[in-house]
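Colleague: Give me a model of this one.
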Amino acid sequence: MSAGLLSVRVERRTSEADDICSYELVSADGSDLPPFAAGAHIDVHVAPGLVRQYSLCNPPHERHRYLIGVLRDPASRGGSQAMHDAIAAGATLHISAPRNLFALTDAPRSLLLAGGIGVTPILAMAEALSAQGAQFELHYCARSPERMAFRDRIAASSFAAVSHLYFDTGDRARKLDLPALLAGLDRSTHIYFCGPVGFIEHVKTCAAQQQWPAAQLHLEYFGAVVEEAAGDQPFEVQLKSTGAAYTIPVGVTVMKVLQDAGVFVPASCEQGVCGTCLTRVLEGVPDHRDQYLTEEEQAANDQFTPCCSRSKTPTLLLDL
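Modeller: As a prediction, this is how the structure comes out:
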């Protein structure tokens, strides 16, 4: 096992909805697990060379277990299929300690918006806010009742009265009218939203139309935005350590070229979401296509994600 990883046992696997299972993880040696805050995720080493990120969705005060939810994705690159097909109760997994890129802020009011499997970090937030006695509402959208995970848990929770569920199918009245919801909010409200790309973009668009303060919008994607490749050109990356230069063709990532050349770059999601592969840029201007760096960090142009980003200049000099 690699240094810094935790060994856990799958105590329980539960079908939560169509194509969604939850996995309750406990320490293999019976000890407490590291603490975490709402919004945190762990890296799960599903199989050799296969690492995926899953948000923790149990109450953050718990130390005896971690709970994750996994959607079987038909476009899976191996992670979710392996979790569903090969990981059962009793299995041993290696995971990282929790990391948090989607933390709650100290706000007078909060609005929690979840789309599909994006409910997992939102659930932990609801648990934390409810325990604090904070003012918040949860609005959760799914394609259908059969595809909505954790419905029974929400119905039995301390925040059931401030939870609202919506479905794409059926009566139009059962669908979320987001513009109307935002229009009725106190402007001091902080908004937290997580889900698939279409859901995220809808929330961002509605918030922008109502000129919602950017500092009060907090989001996390489940999967990266697919960038339009039209106009892409080949470019070079050069390594500071060796001076070696590699041509990056159109349609091929920097990471793929470097890995094929035997250059090690740590990787995990390979979609520009997790930040594992973040690499320092010494010269040149990256073409950022990630969802990890903030706009300010991207504007600095001193680091980029080689798993998905490209270059605006003929050459990038990398601190590798």
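Colleague: Identify the bridge partners of residue 20.
Modeller: Applying DSSP bridges to residue 20 gives these bridge partners: residue 17, residue 71.
Colleague: could you dump stretch 20-35 to PDB, C-alpha only?
Modeller: Written as PDB, here are the backbone C-alpha positions of stretch 20-35 (Å, rounded to 0.1, in the frame of the first residue of the first chain):
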ATOM      1  CA  ILE A  20     -26.800   4.100  -7.700                       C
ATOM      2  CA  CYS A  21     -25.200   2.200  -4.700                       C
ATOM      3  CA  SER A  22     -23.800   3.500  -1.500                       C
ATOM      4  CA  TYR A  23     -20.800   2.000   0.200                       C
ATOM      5  CA  GLU A  24     -20.200   2.300   3.900                       C
ATOM      6  CA  LEU A  25     -16.400   2.200   4.600                       C
ATOM      7  CA  VAL A  26     -14.900   1.500   8.000                       C
ATOM      8  CA  SER A  27     -11.300   1.300   9.100                       C
ATOM      9  CA  ALA A  28      -9.800  -2.100   8.500                       C
ATOM     10  CA  ASP A  29      -8.200  -2.100  11.900                       C
ATOM     11  CA  GLY A  30     -11.300  -0.800  13.700                       C
ATOM     12  CA  SER A  31      -9.800   2.600  14.600                       C
ATOM     13  CA  ASP A  32     -11.500   6.000  14.000                       C
ATOM     14  CA  LEU A  33     -11.200   7.500  10.500                       C
ATOM     15  CA  PRO A  34      -9.700  11.000  10.000                       C
ATOM     16  CA  PRO A  35     -12.200  13.800  10.500                       C
END
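Colleague: Rounded mean pLDDT for it, please.
Modeller: The average pLDDT for stretch 20-35 rounds to 97.
Colleague: mind listing what's buried in that stretch?
Modeller: Across stretch 20-35, burial judged by 16 or more other C-beta atoms under 10 Å covers 20-27, 33. To be clear about C-beta, it is placed using only N, CA and C from the backbone, and glycine gets the same treatment.
Colleague: domains for this structure, by residue range?
Modeller: 6-100, 109-221, 235-318 (automatic domain parsing).
Colleague: quick one: the shortest one to chain centroid distance?
Modeller: Spelled out, it's domain 235-318. 20 Å (C-alpha atoms, centre = their mean, to the nearest Å).
Colleague: so how far does that domain reach from one end to the other?
Modeller: 13 Å (C-alpha to C-alpha, to the nearest Å).
Colleague: Give the rounded mean pLDDT of it.
Modeller: So the average pLDDT for domain 235-318 ends up being 89.
Colleague: switch to numbering from 192
Modeller: OK, 192 is where the count begins now, so the last one is domain 426-509.
Colleague: Residue 456 and residue 448, how far apart?
Modeller: 10 Å (C-beta to C-beta, to the nearest Å).
Colleague: what's next to stretch 483-490, contact-wise?
Modeller: 292, 463-466, 469, 477, 479, 481, 494-496 (C-beta atoms under 8 Å, 6 or more residues apart in numbering).
Colleague: give me that answer again for 10 Å
Modeller: 292, 405, 412, 415, 460, 462-469, 477-481, 491, 494-496, 498-500 (C-beta atoms under 10 Å, 6 or more residues apart in numbering).
Colleague: where does the stretch 292-441 of the chain have low pLDDT?
Modeller: For the stretch 292-441 of the chain, the stretches with pLDDT under 70 are 361, 363-364, 413-421.
Colleague: which residues in it form helices?
Modeller: If you assign secondary structure with DSSP state H, counting those that start in this stretch, the helices in the stretch 292-441 of the chain sit at 310-323, 342-346, 369-374, 388-400.
Colleague: most neighbours per residue, which of these?
Modeller: Burial of the helices of the stretch 292-441 of the chain is given as mean neighbour count (mean count of other C-beta atoms under 10 Å); helix 310-323 ranks first at a mean of 23.
Colleague: pLDDT score assigned to residue 266?
Modeller: 60.
Colleague: mind checking the backbone torsions on residue 237?
Modeller: Main-chain torsions, residue 237, degrees, to the nearest 10: phi -70, psi -40.
Colleague: One more: the one 5 residues further on?
Modeller: Reported as degrees, to the nearest 10, the phi and psi values for residue 242 are phi -120, psi 130.
Colleague: Is residue 386 bridged to anything, and to what?
Modeller: residue 412.
Colleague: Distance check, it against residue 284.
Modeller: Residue 386 is 25 Å from residue 284, by C-beta to C-beta.
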